[in-house]
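J.: would you be able to build a 3D model of this:
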Amino acid sequence: MKKFRAIAIIILLFLIIYFFQINFFSWFTIRGIMPNLFVLLALFLGLFTGKKIGGFFSLFFGIILDILIGRSIGFTGIFLGIIGLLGEYFDKNFSKDSRVTIILMTVGSTILFEVCMYIVNIIKFKIEIEILPFLITLSLEVIYNTFLVIILYPGIKKLGYYLENILKNKKLLTRYF
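T.: Numbering: from 1, shown residues only. Purely as a prediction, here's the structure:
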């Protein structure tokens, strides 16, 4: 029952993030750039739920996003799934309690996702390579995502440890001993 509740929380979290991404942040852009909350969701699912659940839900949510708003199906899912898998790697090698570490993970994940999507768009849709506008867009999105992580991290951490205790079957103190 607890695992069902945790999965329901993850799905509800996706729906809330989808609502904010599509409705709320379309009004609050910086030079037309919105944050990518789905990269943050994939990263934190990987960090707190493990690579199987984090990777699966990230891939699943990415495919849903491709169906709803994407130009091609699969690429967003693949790259979000990779970020979910990287979250587990980050969890094993870095501390989730340090804000600096979380900020660096957010910056790296956002850059990885956006660069991969840009390369796919160049190859698949034959768009012109424009480095300077891409770097401006990337830097604004990284700043926006980092700002949101700084603000939301206490709540994310609390929810993340709750999901981790249920889905990973680990107690918080026994993990370090």
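
J.: which residue, other than its chain neighbours, is closest to residue 28?
T.: The shortest distance from residue 28 to any non-neighbouring residue, by C-beta to C-beta, 6 or more residues apart in numbering, is to residue 34 (7.9 Å). To be clear about C-beta, it is placed using only N, CA and C from the backbone, and glycine gets the same treatment.

J.: brain fart, residue 156
T.: In space, and not counting its chain neighbours, residue 156 is closest to residue 44: 5.8 Å by C-beta to C-beta, 6+ apart.

J.: surely residue 47 touches residue 86?
T.: No - assessed by C-beta atoms under 8 Å, residue 47 is found out of contact with residue 86, at 9.3 Å.

J.: in this structure, which helix is the longest?
T.: Secondary structure of the chain per DSSP state H: the longest helix is helix 131-167.

J.: could you pull out the strands for this structure?
T.: Read by DSSP state E, the chain holds no strands at all.

J.: where do the helices of it begin and end?
T.: In the chain, the helices defined using DSSP H lie at 2-19, 37-49, 51-69, 75-93, 99-125, 131-167.

J.: and the ones you listed, which is most packed in?
T.: helix 37-49 (a mean of 26; mean count of other C-beta atoms under 10 Å).

J.: chain center to that helix: distance?
T.: Helix 37-49 has its C-alpha centroid displaced from the chain centroid by 4 Å (C-alpha atoms, centre = their mean, to the nearest Å).
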